[in-house]
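Novice: Here's my sequence, what's the structure:
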Amino acid sequence: MAKVFASTDTSVKVCPICGSQLVPADYYSAVKGNSQVVESKTDWSNGKTTNTISTQYSDVQRCRGVYCMSCYYKKMAGRVVLFRILILVGLLGIIAFGVLSFVLENTALLLAAIPFLAALVLGWTNIGDSGVIGENPYSGLTKEQIEAHATKSNDNIVNSNSSEFIACVPHDQIPQGRTFLSLSSFKK
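Specialist: Okay, here's the model as predicted:
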């Protein structure tokens with residue numbers, strides 16, 4: 001997968017990987033405190049328990065970093081293709097072994113479809129908002145189009161830039177004992 005340049009040093013203006021203009025991203029730096037479960041819900045129909053966890057943070061500081069949205073889009077375009085391939089291979093494998101099992105009248109062959117089912121589930125759960133069918137939303141854009149989109153000023157783009165920066169910043173840039181959080185991490 002493509003590497004995405006991200007830095008807490010805002011004096012860097014151009015991506016050393018692809019030469020695109022870097023996008024500013026606001027984020028929080030904080031010291032993580034104790035966490036506690038504040039609510040627990042069990043859905044007995046599917047056996048799933050969902051816990052709501054509250055975490056206390058101290059010394060919260062608003063900071064700014066930069067990252068390369070062009071490299072990020074390239075990485076995401078590759079991920080969409082990969083997960084679409086997993087879905088296709090999984091679906092075709094399940095169909096093939098299902099038909100083979102029916103034709104040979106041997107239900108044991110359905111066990112061979114388990115890895116294909118795993119590929120289908122993995123692809124489907126990771127495809128996200130990109131969708132299985134249709135145009136890859138991350139491909140075919142020029143650097144200029146990506147930069148124009150990144151510099152629009154609205155809450156969704158500001159929050160998206162913050163989350164993307166957090167996902168891309170190298171761990172060695174996070175100071176010892178601190179954690180980085182996106183702007184949308186805190187409830188207002």
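
Novice: does G177 count as helix, strand or coil?
Specialist: At G177, secondary structure determined by DSSP: H, G, I helix; E, B strand; the rest coil is coil.

Novice: separation between it and N126?
Specialist: Remark: distance between G177 and N126 (C-beta to C-beta, to the nearest Å) = 32 Å. Heads up, the C-betas are built off the backbone N, CA and C, glycines and all.

Novice: Now do the lengthiest helix in the chain: which elements does it pack against?
Specialist: Of all segments of type helix in the chain, defined using DSSP state H, the longest is helix 69-104. If you count contacts as 3 or more C-beta pairs under 8 Å, 6 or more residues apart in numbering; DSSP states H and E, helix 69-104 packs onto helix 114-126, helix 143-150, helix 155-168.

Novice: buried ones in the last one?
Specialist: Within helix 155-168, the residues that qualify as buried by neighbour count (16 or more other C-beta atoms under 10 Å) are 158-166, 168.

Novice: Now do that helix against helix 69-104, angle only.
Specialist: Using axes from the mean of the first three to the mean of the last three C-alpha atoms, to 10 degrees, the inter-axis angle of helix 155-168 relative to helix 69-104 is 80 degrees.

Novice: Just list what helix 155-168 packs against, helices and strands only.
Specialist: Applying 3+ C-beta pairs under 8 Å, 6+ apart, we find helix 155-168 packed against strand 23-43, strand 48-67, helix 69-104, helix 143-150.

Novice: what's near enough to touch S7?
Specialist: Residues near S7 by C-beta atoms under 8 Å, 6 or more residues apart in numbering: 22, 65-67, 169, 173.

Novice: can you count the residues close to R79?
Specialist: Around R79 there are 18 other residues, counting by other C-beta atoms under 10 Å.

Novice: Just to check, it is in contact with N126?
Specialist: Yes - in this structure R79 lies within contact range of N126 using C-beta atoms under 8 Å: 7.5 Å.

Novice: Low-confidence ranges, this protein, go.
Specialist: Residue ranges of the chain with pLDDT under 70: 1-2, 128-132, 137, 150-154, 187-188.

Novice: most centrally placed residue in it?
Specialist: Centroid-nearest residue in the chain, with C-alpha atoms, centre = their mean: A167, separated by 7.4 Å.

Novice: How about L100, nearest residue that isn't a chain neighbour?
Specialist: In space, and not counting its chain neighbours, L100 is closest to L109: 5.5 Å by C-beta to C-beta, 6 or more residues apart in numbering.

Novice: show me what contacts the one you found?
Specialist: With C-beta under 8 Å, 6+ apart, L109 has these contacts: 97, 100-101.

Novice: ok, E39 to V60 distance?
Specialist: 23 Å.
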